[in-house]
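Asker: For reference, the sequence and a predicted model appear below.
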There are 2 protein chains.
Amino acid sequence: MKTDIEIARDCAMKPVAEVADALGIDAEDLELYGRYKAKFSDALWSKLDSAPQGKLVLVTAINPTPAGEGKTTVTVGLGQALSRLGKKAIVALREPSLGPCFGMKGGATGGGYAQLVPMEDLNLHFTGDFHAITAANNLLAALLDNHLHQGNALNIDSQQITFRRCMDINDRALRHTVVGLGGRVNGVTREDGFMITVASEIMAILCLARDLADLKRRLARMIVAWRRDDTPVTVSDLQVTGALAALLKDALKPNLVQTLEHSPAIVHGGPFANIAHGCSSVRGTRLALKLADIVVTEAGFGADLGAEKFFNIKCRASGLRPDAAVLVATVRALKYNGGVAKRELGYENLDALRQGLGNLGKHIENLHKFGVPVVVTLNVFTSDTDAEHALIDQYCRERGCDLVLSRVWEQGGAGGEALALRVVELLENSDIEFRLLYPDALPLAEKIATIATEIYGAQGVSYSPAAHKALKRISDAGMASLPICMAKTQYSLSDDPKALGRPEGFRLHIRDVQAAAGAGFVVAYAGDIMTMPGLPATPAALNIDIDDNGVISGLF
Amino acid sequence: MKTDIEIARDCAMKPVAEVADALGIDAEDLELYGRYKAKFSDALWSKLDSAPQGKLVLVTAINPTPAGEGKTTVTVGLGQALSRLGKKAIVALREPSLGPCFGMKGGATGGGYAQLVPMEDLNLHFTGDFHAITAANNLLAALLDNHLHQGNALNIDSQQITFRRCMDINDRALRHTVVGLGGRVNGVTREDGFMITVASEIMAILCLARDLADLKRRLARMIVAWRRDDTPVTVSDLQVTGALAALLKDALKPNLVQTLEHSPAIVHGGPFANIAHGCSSVRGTRLALKLADIVVTEAGFGADLGAEKFFNIKCRASGLRPDAAVLVATVRALKYNGGVAKRELGYENLDALRQGLGNLGKHIENLHKFGVPVVVTLNVFTSDTDAEHALIDQYCRERGCDLVLSRVWEQGGAGGEALALRVVELLENSDIEFRLLYPDALPLAEKIATIATEIYGAQGVSYSPAAHKALKRISDAGMASLPICMAKTQYSLSDDPKALGRPEGFRLHIRDVQAAAGAGFVVAYAGDIMTMPGLPATPAALNIDIDDNGVISGLF
């Protein structure tokens, strides 16, 4: 079979204006970025005020494994399949980060015959949204350091600057730095460090903002540092909200591209799924719901992080309500969760599968706690056996949901029709009573405990002294009503990446707590979370090339 | 009178496709970025192979002063005026840098009624070219540091890494940094620092590259570090040429916008005018010459730096040949050069003006050394007196060139018609014998001496021991045939920023010399050159805002 980039390059894309036209959007409401990418103009929103709202489907997954689950591939394929069935469907996805493309990970736009195009553009600069966020983030850093340099009228404690510079590159050398060296004229010397752009709070803000006014409100209350008296210093205090918002003006507009089968895809924003909420933008989802009958979106990592945050953070902040969830797994990943080594995953192993199914089962239970109907789908591999499929099918049925096989990687939309039909059935017949897991009014520590026990299956939570102190400071500063954004390993339901399957009897340890006041959540760190990836010994960059005609190779 | 941003906002722009259509360009050869910005597709180039070549006019200036000269304003206004006269004319200009917008300096797209639009977009992210350069630059830095971290197979001397990270922000705290702190897993600890993006060698490379193949050749030979044995380490050695070029694929395509009067402007690239050559891209100029009868372009700073590099670097590298030069001055700036304090510039002072005219005279002489016919233009201010104009007019005539008044700031193209007519006359009647100042074969030190004595009027050149050693190392590494890029203060013909007018009897002191092997020049540092600006006590960012409808204010 061809590589992803070869398949993408062979696709005869439609002009994006035609993709928009099929959604009933006039050319004048598009801002084209070349022929195959566009932003929706701000003027479109008021025209859609009275449009009916479509149904919202969340694609999520079991805990990720090195075996790969293909959540984005299923999301894209489901969108393609729904369109094949004549449904007006849009997929709403995150924009890929530039950094990982040159490191180890491939792109983030699906795979095989279920991909978004233009693939190279999506994975490189796309419409510049992430660059705008990088610029706004680093302008803020420069203005903050300039404030220190010019006399520090706000009385910022330079040892309590929580804000970090960022870069959309994997660069371990920037994790821990010292800036402001070289004497008095070159600024105030202090410890600093860079995050990857997707980890910036500004990314989370952009993805949760309802409109420009809301963006400004959120930017204004973003905390960049603290004073010695435990009061926070915000962007508003620095008087630079307007400048940051001006830089983000276009980045706030959702982007339109297409799938390999020319169905529409709204791709907008891409926050980290650990220290942020890991979902594409509220604006992109809302716009999609105005334009389509069915919107398929996904959340980062497994359902313990992705779906939980999609519901408790994105839905809470925006008023969006899910109508169904698709839970993605593979036979290989389930066996891996059952203790099978990576090289042995190609062989049937029903005992290990049975063991690993505990992971799937816990995620089904969790999704039901939110009142959302679930369909499980398996991304089929040639090494799967009928006995394995049958075992999973029975397991799902015992838990009140169906199993449907997906072959979208190999067959595109055609391979997702069974899943699409089941999703449509769910949307038409299910009685939804969506509920958040906890109310705003619950104290922060109790919110953390609720997620830990209800979703992860922990026995309880313990805190470091620093985390304990931080929780108090955040509550005292008036942020006790915010939801929790858990920063935890994605590989396990627990905070131990090696505890696969369905771990039990553990306590969740919270190392630190930080307020993302602009995004509107409190980040609880369960363990060390890497916010700036590094490059491997042989980075993918060494194989990437572009020929004299502009054809890129080696991107995947 | 209205502010620049108000004038720009009141302009009823034409769709950029219409601007292109007037140049005979099909919509299919454009890549739109919204309605008012576009890139020219690569496919256009071969279609223009047989098109005749237009005439090239360089706009340059006396040494800049705090009084302001308005070189870009004249360039834009001249383009507008030529179009009013029915000429097929294009202005070819640099893209503004994002950083200074939030500091002290206004935008860089002209002023008054001689501006480029859309002004906000041009001054903020435009089509993302600078972000692409920032990304490529910092990817290279990450790959270099990763190479050190993974074992340093190339035997790089970590104390001789000449390459710097960059950021398109004014940020003094990033001038001197330490990276790679935090122990072994977080990279190799070393001193580092950031330049502003426009100072990156990749910017200079992009602006001098003929096409994608040439871009790759230049990137490949770019030197990032040296070994202890004085041999250079290049991008090619790191095997990342293709990855960098892939990131620059779209940035290499020139951009089309319009003036306030809807005449075409090609805006592409923007290298520093001290450590780089300060001219818009070769590709932009070449394309403009294929599309128009007259192309008006400018070079950074005064003619001692800007015009000299335009001729000796840009024309040498590309084969472009100038047909005429416009030398911009103001009565105020000439009086400042004659010793008048800034607050006194509004009063007639013929003695000081006579004294300051020495600066203008030297630049006229210099331009004539290249064999280029010159017309001098004064950007008229209301405080100018007839006697002052008459004195300058006589001075110019004695030196074999005309003086024409420009009122483009106040009147737009109409205020530039006299200048436009004189330029057309020059182009039709002048006998051009353009010559470079020195041949490739001249040794590096003699090239430096030629520029210093012939252009600056120095008596000679002295070198620091480090500069002396660097010259030898660069020559030994096979780069003796490259032209010189002088990094010198823009405020004086000498290396002393306070020596205004026409300084004499000085020696130029060269502090350091560095090879920009990819750009294809050797940078000679006459004094300390700031490559990362800082922010002032009250940055412009504090006054910039965007309202809920997306209207930006305070940008200027």
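Answerer: Happy to help now that I have it. None of these values were measured; they are calculated from a predicted model.

Asker: Please, where are all the strands along the stretch 451-556 of chain A?
Answerer: Assigned by DSSP state E, counting those that start in this stretch, the strands in the stretch 451-556 of chain A fall at A:460-463, A:484-487, A:507-510, A:512-516, A:521-525, A:545-546, A:552-553.

Asker: Which one, of those strands, ends up nearest to B:Ala173?
Answerer: strand A:512-516 (22.2 Å; CB to CB). To be clear about C-beta, it is placed using only N, CA and C from the backbone, and glycine gets the same treatment.

Asker: tell me what the closest one is packed against?
Answerer: helix A:465-476, strand A:521-525 (3 or more CB pairs under 8 Å, 6 or more residues apart in numbering or on different chains; DSSP states H and E).

Asker: Quickly compare the ones you listed and say which is most buried.
Answerer: Of all these, strand A:521-525 carries the top mean neighbour count, a mean of 25, counting by mean count of other CB atoms under 10 Å in any protein chain shown.

Asker: Tell me where the model's unsure across chain A.
Answerer: A:105-107 (pLDDT under 70).

Asker: Where do the domain boundaries of it fall?
Answerer: Taking automatic domain parsing as the domain assignment, the ranges for chain A are A:54-111+A:261-429, A:136-244, A:444-526.

Asker: Dump those into CSV; add distance to A:Ala12 as well.
Answerer: CSV is the format used below for those (distance: least, CB to CB, whole Å):
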stretch, distance to A:Ala12
domain A:54-111+A:261-429, 9
domain A:136-244, 30
domain A:444-526, 37
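
Asker: what's the closest of those domains to B:Gly182?
Answerer: The nearest among the domains of chain A, by CB to CB, is domain A:136-244 at 3.4 Å.

Asker: The closest one vs chain B: in contact?
Answerer: Yes. Judged by CB under 8 Å from any CB of the partner chain, domain A:136-244 and chain B are in contact via A:138-139, A:141-143, A:145-146, A:149-150, A:167-182, A:185-188, A:191-192, A:211-213, A:216, A:239-243.

Asker: Using ChimeraX, define a selection of the buried residues within those residues.
Answerer: ChimeraX command restricting those to the buried ones, with burial defined by 16 or more other CB atoms under 10 Å in any protein chain shown:
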select /A:138,139,141,142,143,145,146,149,167,168,169,170,171,172,173,174,175,176,177,178,179,180,181,182,186,187,188,192,212,216,239,240,241,242,243
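
Asker: export the helices and strands packed on strand A:512-516 to TSV and tack on distance to chain B?
Answerer: Listed next are those as TSV, based on distance: least, CB to the nearest CB, whole Å:
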stretch	distance to chain B
helix A:465-476	18
strand A:521-525	17
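
Asker: so which of those gets nearest A:Glu433?
Answerer: Once the helices and strands packed on strand A:512-516 are compared by CB to CB, strand A:521-525 is nearest, at 24.3 Å.

Asker: tell me the angle of that closest one relative to helix A:465-476?
Answerer: Put simply, strand A:521-525 runs at 170 degrees to helix A:465-476, going by axes from the mean of the first three to the mean of the last three CA atoms, to 10 degrees.

Asker: What are the contacting residues of strand A:521-525?
Answerer: With contact meaning CB atoms under 8 Å, 6 or more residues apart in numbering or on different chains, strand A:521-525 is reached by A:204, A:275-277, A:313, A:444, A:448, A:467, A:474, A:479, A:482-487, A:510-516.

Asker: near chain B, which residues of the stretch 201-350 of chain A?
Answerer: A:211-213, A:216, A:239-243, A:245-247, A:249-250.

Asker: any chance of these in TSV, plus distance to B:Pro533?
Answerer: What follows is those, written out as TSV (distance: CB to CB, whole Å):
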residue	distance to B:Pro533
A:Asp211	34
A:Leu212	29
A:Ala213	32
A:Lys216	27
A:Gln239	20
A:Val240	17
A:Thr241	23
A:Gly242	21
A:Ala243	16
A:Ala245	23
A:Ala246	19
A:Leu247	18
A:Lys249	24
A:Asp250	25
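
Asker: Tell me which two in those are the farthest apart.
Answerer: Among those, A:Gln239 and A:Asp250 lie farthest apart (CB to CB), at 22.9 Å.

Asker: Just say which of the strands of the stretch 451-556 of chain A is most tucked in.
Answerer: strand A:484-487 (a mean of 27).

Asker: which residue sits closest to the residue nearest the centre of chain A, ignoring its sequence neighbours?
Answerer: When CA atoms, centre = their mean is applied to chain A, the residue found nearest the centroid is A:Gly278 (2.5 Å). Counting by CB to CB, 6 or more residues apart in numbering or on different chains, A:Gly278 lies nearest to A:Gly300, which is 2.9 Å off, once chain neighbours are set aside.

Asker: Hmm, A:Val57 is touching A:Arg321, no?
Answerer: No. Applying CB atoms under 8 Å, one finds A:Val57 not in contact with A:Arg321, separated by 11.6 Å.

Asker: which of these two has more neighbours?
Answerer: Taking neighbours as other CB atoms under 10 Å in any protein chain shown, A:Val57 and A:Arg321 compare with A:Val57 leading, 29 against 15.

Asker: Quick check: buried residues in the helix or strand containing the more buried one?
Answerer: Using DSSP states H and E, A:Val57 falls within strand A:55-61. Across strand A:55-61, burial judged by 16+ other CB under 10 Å covers A:55-61.

Asker: Save those as a markdown table, and put in distance to B:Thr73 too.
Answerer: As requested, those are arranged in a markdown table below (distance: CB to CB, whole Å):
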| residue | distance to B:Thr73 |
| --- | --- |
| A:Lys55 | 56 |
| A:Leu56 | 53 |
| A:Val57 | 55 |
| A:Leu58 | 54 |
| A:Val59 | 54 |
| A:Thr60 | 57 |
| A:Ala61 | 58 |
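
Asker: out of these, who's nearest B:Val282?
Answerer: A:Val59 (48.1 Å).

Asker: Sheet-wise, list the partners of the helix or strand containing A:Leu256 with their directions.
Answerer: Following DSSP H and E, one finds A:Leu256 within strand A:255-259. Using DSSP bridges, the strands paired with strand A:255-259 are strand A:38-40 (antiparallel), strand A:114-117 (antiparallel), strand A:264-267 (antiparallel).

Asker: So which of the ones you listed is nearest A:Lys369?
Answerer: Of the strands paired with strand A:255-259, nearest to A:Lys369 by CB to CB is strand A:264-267, at 28.5 Å.

Asker: Centre of the chain to the helix or strand following the closest one, how far?
Answerer: Downstream of strand A:264-267, the next assigned helix or strand under DSSP H and E is helix A:282-291. Mean-position distance between helix A:282-291 and its chain equals 16 Å (CA atoms, centre = their mean, to the nearest Å).

Asker: quick one: helix A:282-291 to strand A:55-61, angle?
Answerer: Using the same axes, to 10 degrees: helix A:282-291 against strand A:55-61 is 130 degrees.

Asker: The closest residue to A:Gln150 other than its chain neighbours: neighbouring residues, count only.
Answerer: Nearest residue to A:Gln150 in three dimensions, chain neighbours excluded: B:Ala537, at 4.9 Å (CB to CB, 6+ apart). B:Ala537 has 10 neighbours, counted by other CB under 10 Å.

Asker: State the distance from B:Ala537 to A:Ala333.
Answerer: 57 Å (CB to CB, to the nearest Å).
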